[in-house]
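Undergrad: The amino acid sequence is not available; the structure is as follows:
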């Protein structure tokens, strides 16, 4: 989704108010490790349909969590590049990808709506394409860091047995 999530966030808040939902403002990412059922935003992107399901289920409380993109996230990843064994070309590619995302500083990068029904959280989540690009770069960097850490642990310099 490449929509402006700041506009969508305002629209959602107005809709929640007009539909008489109570809104609990949660923390973005606060739903991790909980039993979740994710709404198919790719095929059904309209948040109103999600909220209709909540209403028809008798739900009055909606959890709303948003996240704004911070350049500190980019800076952290740029700093981690120093710990990787990258070619000059790979380093420049990562740096260009990450620095190009700085233009999104302060923009909403994630919106989550959720409600609890019968001990399950039903979740509507949207993120813009540019944030998926950031998350992809983050995953690449972190997996390479983990891979290098695994290599370091396997290299005991002949002093220890692997038995």
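TA: Received the coordinates, thanks. Nothing here was measured: the structure is a model prediction, and the numbers come from that model. Numbering: from 1, shown residues only.

Undergrad: Compute the number of surrounding residues for the nearest residue to residue 48 once chain neighbours are set aside.
TA: With Cβ to Cβ, 6 or more residues apart in numbering as the criterion, residue 48 has its nearest non-adjacent residue at 6.5 Å, and that residue is residue 15. Just so you know, the C-beta spots here come from the backbone N, C-alpha and C atoms, and that holds for glycine as well. Residue 15 has 13 neighbours, counted by other Cβ atoms under 10 Å.

Undergrad: What of residue 104?
TA: Using other Cβ under 10 Å, residue 104 is surrounded by 19 other residues.

Undergrad: Spit out the contact partners of it.
TA: 69, 128, 130, 131 (Cβ atoms under 8 Å, 6 or more residues apart in numbering).

Undergrad: helix/strand/coil for residue 23?
TA: Secondary structure, DSSP: H, G, I helix; E, B strand; the rest coil: residue 23 is strand.

Undergrad: Retrieve the pLDDT associated with it.
TA: What the model reports as pLDDT for residue 23 is 97.

Undergrad: That one reaches residue 64, doesn't it?
TA: Yes: at 5.3 Å, residue 23 counts as touching residue 64 under the criterion of Cβ atoms under 8 Å.

Undergrad: Which residues are in contact with each of the two?
TA: In contact with both residue 23 and residue 64: 13, 16, using Cβ under 8 Å, 6+ apart.

Undergrad: Quick test: name the residue nearest the centre of this protein.
TA: Centroid-nearest residue in the chain: residue 110, 6.2 Å away (criterion: Cα atoms, centre = their mean).

Undergrad: and that one, that one's in a strand?
TA: Yes: secondary structure of residue 110 (three-state DSSP): part of a strand.
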